[in-house]
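[1] Sequence and predicted structure are below.
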Amino acid sequence: MKIAFFDTKPYDLPYFEKYGKKNSVEFKFFDTRLCEDTVSLARDADAVCVFVNDTVNSFVIDKLVSYGIRLLALRCAGFNNVDIRYASGKICVVRVPAYSPYAVAEHAMAMLLTMVRRTHKAYIRTKDFNFSLSGLVGFDLCGKTIGIVGTGKIGCVMIDICRGFGMRVIAYDIFPRKDSGIEYVSLEKLLSDSDVISLHCPLTEATYHIINEETIGQMKNGAVIINTSRGALIDAEALLLGIKSRKIGAACLDVYEEESDLFFEDFSGHIVEDDTIARLISMPNVLVTSHQAFLTEEALSNIAQTTVENIVSFFRDGKCDNEITRR
Ligand code: NAI
């Protein structure tokens, strides 16, 4: 089995080479992303493997199908970058539904702690033997209320972590978990009662810009917002206004709506054209990481293992447990 592997990063290689070799799956690694201009690289492959910022639109799907490719293996959980409706009936799309909810939830908490305890500033200061404490006053998480939007795998781990910190947890989900002991409230109540809001729902039509000018207006003054899910959950311009008006106390962003042009690449020394991300990064109370919440050894190993299992199972049995669409 020959698999065209797009948007390869150095950290992917050891894990995919290891599981590929064990299962006679041969990966052909391409640095470039899959898009209309690069799809022809997949011409001789049996299947294609993509990540969060590859573009799988109707044009790309038609091309893949014309090359006789029957399987598109996503090495991630979210699939908002794939035209699933168009793919259905044409190509089988599989994904890795869970690889480490701990990786993402722990990163969300790491970002929150960084912002509320200013450890990023302290690190730089003490490296320069500056032991002043001015400007480093934070606040206790214990006793504060956190609102979790989306109580799936990651949201639930985040709830456990926050409870460990002595936080009061409230949550909103369109499908509340029965008998979970989670205190579910309406989105409006979550917005108005939370000191910290953490987003753990997928990007869908219903959640697109769920954080916007109106919902920011409903938040407590000084609310901290964490987004480790998908960038387009937040209207970034509205977030900037909220930060400038001091309504938002801090923002922890692992994802950004326009990240596909920026994230995972080194732009140091370049002039970044995107004014919105430039203004966000310039704010002292905004922490941006470049979609790295998943990046742990455990998650990378699980991603590679499940992706290879998905591929093997599809070519052996014609089906796979982690299918999103069928041919
Ligand atoms: P999951 O499918 O286990 O949970 C998602 C939850 O969101 C479900 O309980 C669902 O009912 C809820 N939900 C769906 N629509 C909703 C709505 N309109 N309002 C409120 N809740 C809604 O997903 P999981 O594994 O917990 O992942 C959550 C998200 O995290 C993924 O969709 C993905 O976008 C993101 N993610 C980010 C990563 C990163 O590296 N930053 C890595 C992995 C996932």
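    Structure's in. What do you need? Numbers count the residues shown, from 1 in each chain.

[2] Grab the nearest non-local neighbour of the spatially most central residue of the chain.
    Per C-alpha atoms, centre = their mean, the C-alpha nearest to the average position across the chain is that of S229, at 4.1 Å. Excluding its sequence neighbours, the residue lying closest to S229 (C-beta to C-beta, 6 or more residues apart in numbering) is L199, at 4.8 Å. Yep, even glycine has a C-beta here, placed from its N, CA and C like the rest.

[3] can you count the residues close to the one you found?
    The local packing of L199 (other C-beta atoms under 10 Å) involves 24 other residues.

[4] so who does it touch?
    The contact partners of L199, by C-beta atoms under 8 Å, 6 or more residues apart in numbering, come to 149-150, 210-211, 225-229, 233-234.

[5] Quick check: phi and psi on the closest residue to the ligand within the stretch 151-300 of the chain?
    Here the stretch 151-300 of the chain gets closest to the ligand at one residue, G152, 1.6 Å apart by C-beta to the nearest ligand atom. Torsion angles at G152 (phi, psi; degrees, to the nearest 10) stand at phi -90, psi -150.

[6] The closest residue to it other than its chain neighbours and E265, how far apart?
    Excluding the flanking residues, the one nearest G152 by C-beta to C-beta, 6+ apart is H200, at 6.5 Å. According to C-beta to C-beta, to the nearest Å, H200 stands 26 Å off from E265.

[7] And S198, by the same measure?
    Relative to E265, S198 is positioned 27 Å away (C-beta to C-beta).

[8] Those two: which has the busier surroundings?
    The residue with more neighbours, out of S198 and E265, is S198; 29 against 9, by other C-beta under 10 Å.

[9] what are the bridge partners for the more buried one, then?
    S198 forms beta bridges with I148, I226, as assigned by DSSP bridges.

[10] so what's it up against?
    If you count contacts by C-beta under 8 Å, 6+ apart, S198 has them with 108, 112, 146-149, 155, 158, 225-228.

[11] ok, now G20?
    Contacts here follow C-beta under 8 Å, 6+ apart; on that basis G20 touches 3, 26-27, 304, 308.

[12] burial count for F6?
    Residues within reach of F6, counting by other C-beta under 10 Å, total 25.

[13] wait, it sits on N53?
    No. Between F6 and N53 there is no contact under C-beta atoms under 8 Å: 9.7 Å.

[14] what's the overlap in contacts for the two?
    Residues touching both F6 and N53 by C-beta under 8 Å, 6+ apart: R33.

[15] rewinding a little: the contacts of L199 into JSON lines, with extra columns for pLDDT and distance to D261?
    What follows is these, written out as JSON lines (pLDDT from 0 to 100; distance: C-beta to C-beta, whole Å):
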{"residue": "V149", "pLDDT": "98", "distance to D261": "26"}
{"residue": "G150", "pLDDT": "98", "distance to D261": "26"}
{"residue": "I210", "pLDDT": "98", "distance to D261": "23"}
{"residue": "I211", "pLDDT": "98", "distance to D261": "21"}
{"residue": "I225", "pLDDT": "98", "distance to D261": "23"}
{"residue": "I226", "pLDDT": "98", "distance to D261": "23"}
{"residue": "N227", "pLDDT": "98", "distance to D261": "18"}
{"residue": "T228", "pLDDT": "98", "distance to D261": "20"}
{"residue": "S229", "pLDDT": "96", "distance to D261": "19"}
{"residue": "L233", "pLDDT": "98", "distance to D261": "18"}
{"residue": "I234", "pLDDT": "98", "distance to D261": "17"}
